[in-house]
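Asks: Have a look at this fold, sequence not included:
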């Protein structure tokens, strides 16, 4: 693990998506952090040792999803399935498919395998799965503030984890999307989906893949903007309402009360033409019960 000494920094951004605002001062204590996201090889060892069954391998309970189509209540996960032509970017169902039988062992569809992907980040893991792994190995998941502080690598206020240019001198610093999302990926960074951990440069703290490759779970409940006065320490009591009425639930689906955690870092699907969330300040809500082919995690251990 890499020692992150902690400190005070400018958290958030006033220049991009509204949920990143306002910029405010945040302080974190020192902690140890995994140098990379947890890999398929590491997660396999956890499953073999504990018999853990992931959310994607579990049939959903109809009581938790009122109004759900019965035929959709099967084990599976969200899989990126690129179309072959331009689509309405307001409709994510044009490139996401709930794929029955897709899970961490079969990350690219129900007939796929892990061969050759042992050192790629594990995906199709829910928040519960990530937390179970962390507890098993004697670690924890980072708060949003801890994650963002580590991602900045000592560059307080910089646009990216490596400076203020997305591709300094034409060099790709992370696994992101090049071309017109979601149908055209020019693969200038060399990867269509996930990449092995550690193939892109580390940031100033010596941690890899904080930007791109896969989104990463944090312990913070989502709210639609930063609360400047909220505590940023490690041990905030878990409040599914995020300190704000219904703030952590999806307002587009009020009948389904699934709380959402903050994920950070962007993924290989983030593109200038669609999702510019390949920055330390970027944040996004994700339901705790839902896994996808572009969300993983890494662990920390507090001093």
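Replies: Arrived safely. If you're wondering where the values come from, they're calculated on a predicted model, not measured in any experiment. Residues are numbered from 1 along each chain as shown.
Asks: Which of the three states applies to residue 301?
Replies: Following DSSP: H, G, I helix; E, B strand; the rest coil, the label given to residue 301 is strand.
Asks: Number the chain from 23, please
Replies: That works, and once the first residue is 23, the last one we named lands at residue 323.
Asks: That one: how many residues sit nearby?
Replies: If you count neighbours by other CB atoms under 10 Å, residue 323 ends up with 15. The C-beta positions use only the backbone N, C-alpha and C, and glycine is treated the same way.
Asks: Leaving out chain neighbours, which residue sits closest to it?
Replies: Of all residues not flanking residue 323 in the chain, residue 54 sits nearest, at 4.4 Å (CB to CB, 6 or more residues apart in numbering).
Asks: can you give me the helices in the stretch 23-172 of the chain?
Replies: 62-72, 149-158, 166-174 (DSSP state H, counting those that start in this stretch).
Asks: Distance check, residue 199 against residue 235.
Replies: 11 Å (CB to CB, to the nearest Å).
Asks: okay, and the common contacts of the two?
Replies: Residues touching both residue 199 and residue 235 (CB atoms under 8 Å, 6 or more residues apart in numbering): residue 290.
Asks: who has more neighbours, the two?
Replies: Neighbours were counted for residue 199 and for residue 235 using other CB under 10 Å; residue 235 has more, 33 against 27.
Asks: re the thing from before, dump the helices of the stretch 23-172 of the chain into CSV; add distance to residue 294 and mean pLDDT as well.
Replies: CSV is the format used below for the helices of the stretch 23-172 of the chain (distance: least, CB to CB, whole Å; pLDDT from 0 to 100):
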stretch, distance to residue 294, mean pLDDT
helix 62-72, 29, 98
helix 149-158, 29, 98
helix 166-174, 19, 98
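Asks: Switch the ones you listed over to TSV; also include mean neighbour count and distance to residue 41.
Replies: Converted to TSV, those look like this (neighbours: other CB atoms under 10 Å; distance: least, CB to CB, whole Å):
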stretch	mean neighbour count	distance to residue 41
helix 62-72	16	29
helix 149-158	20	18
helix 166-174	26	11
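Asks: How many residues are close by residue 60?
Replies: 24.
Asks: Surely it touches residue 318?
Replies: Yes: between residue 60 and residue 318 there is a contact at 6.5 Å, judged by CB atoms under 8 Å.
Asks: where do the contact lists of these two overlap?
Replies: With CB under 8 Å, 6+ apart as the test, residue 60 and residue 318 both reach 143-144, 152.
Asks: ok, of those residues, which one's closest to residue 127?
Replies: Nearest to residue 127, judged by CB to CB, of these is residue 144 at 9.7 Å.
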